[in-house]
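Asks: Got a predicted model here, sequence first, then my questions.
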Amino acid sequence: MALAQPIWRLRGRVFGLLSFGAIAQLIAERARAFGVEVWAHDPFVDEAEIRSRQARPVSFDELVEGSDHLVVQAPLTPQTHHLFDRATLRRMKPTALLVNTARGPIVEDAALHQALTEGWIAGAAVDDLEEEPAKQRDWRPSNPLFALPNVIVTPHAAYYSEQAVMTVRRIAAEEAVRVLTGQSPRHPVNDVT
């Protein structure tokens, strides 16, 4: 019996990004320093823009099936809700790591638990669950993901710093003023104009 799981070097591995907005672009820039090949899927970003940032534009299927590390940075929409369900997770590499730094309901908790316990994927790190525990009255840690050794769960606070809170408030106020005065927003979630 092995005492530990194998550890794979990052160099030469595929680092996939679901969504390629500002944050994902910064993640890609940092990840490239480790020698990974960056792949990105974002239906709202032109492939030429993705290439200009030294990433390979791929289909969703290619991203799911080819990524060694897959980082979810997409917004939660009806189209992305439970996008990572049993069918999607089964298509990932058994050595893959799934990282969800977006919204919890993009990954179905029960499907992720099954994928991790049955070895469909090697591990996961999630900054949010389907239901954020802090939003539940009298919350008790009952989500079975908390008990798994191959998952890291953080309290949807990866962005947090005093400076980040002030920046978010300032940008939200500036965007509200822009829209209410008839100007286009500078930071739309999806620019569909």
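Replies: Structure's in. What do you need?
Asks: Stretch 173-184: how far from the chain's middle?
Replies: Counting by CA atoms, centre = their mean, to the nearest Å, stretch 173-184 is centred 28 Å from the centre of its parent chain.
Asks: Give me the below-cutoff pLDDT ranges for the chain.
Replies: 1-3, 132-137, 139, 158, 189-193 (pLDDT under 70).
Asks: Which parts of it are strands?
Replies: 14-18, 37-41, 56-57, 69-72, 97-100, 123-126, 151-153 (DSSP state E).
Asks: What strands flank the third one, and is each parallel or antiparallel?
Replies: Strand 56-57 sits in its sheet next to strand 37-41 (parallel), going by DSSP bridges.
Asks: cool, the fifth one as well?
Replies: Each strand pairing with strand 97-100, determined using DSSP bridges, is listed with its direction: strand 69-72 (parallel), strand 123-126 (parallel).
Asks: Of the strands of the chain, which stretch is the most buried?
Replies: strand 14-18 (a mean of 25; mean count of other CB atoms under 10 Å). Just so you know, the C-beta spots here come from the backbone N, C-alpha and C atoms, and that holds for glycine as well.
Asks: which one is residue 122 nearest to, not counting chain neighbours?
Replies: residue 95 (5.1 Å; CB to CB, 6 or more residues apart in numbering).
Asks: and if you look at residue 68?
Replies: residue 13 (4.0 Å).
Asks: What count of nearby residues applies to that neighbour?
Replies: Look at residue 13: counted by other CB atoms under 10 Å, it has 19 neighbours.
Asks: How about residue 150?
Replies: As a measure of burial, residue 150 has 16 neighbours, counting by other CB under 10 Å.
Asks: residue contacts, the residue nearest to it when sequence neighbours are not counted?
Replies: Leaving aside its sequence neighbours, residue 150 sits nearest to residue 123 (CB to CB, 6+ apart; 4.1 Å). Contacts of residue 123 were listed using CB atoms under 8 Å, 6 or more residues apart in numbering, and they are 97-98, 116, 150-152.
Asks: centroid residue for the chain?
Replies: residue 72 (1.8 Å; CA atoms, centre = their mean).
Asks: Kindly list the main-chain dihedrals of residue 102?
Replies: phi -100, psi -110 (degrees, to the nearest 10).
Asks: Tell me if I'm right that the residue nearest to residue 68 and residue 66 touch.
Replies: No - Residue 13 lies out of contact with residue 66 (CB atoms under 8 Å); the separation is 10.4 Å.
Asks: Any idea which of the strands of the chain gets closest to residue 29?
Replies: Residue 29 lies closest to strand 37-41 among the strands of the chain, at 8.8 Å (CB to CB).
Asks: Return the distance of that closest one from the chain's centre.
Replies: 13 Å.
Asks: could you give the angle of it to strand 14-18?
Replies: 20 degrees (axes from the mean of the first three to the mean of the last three CA atoms, to 10 degrees).
Asks: what sits up against strand 37-41?
Replies: Contacts of strand 37-41 (CB under 8 Å, 6+ apart): 12-20, 24, 28, 31-32, 50, 54-60, 62-63, 66-67.
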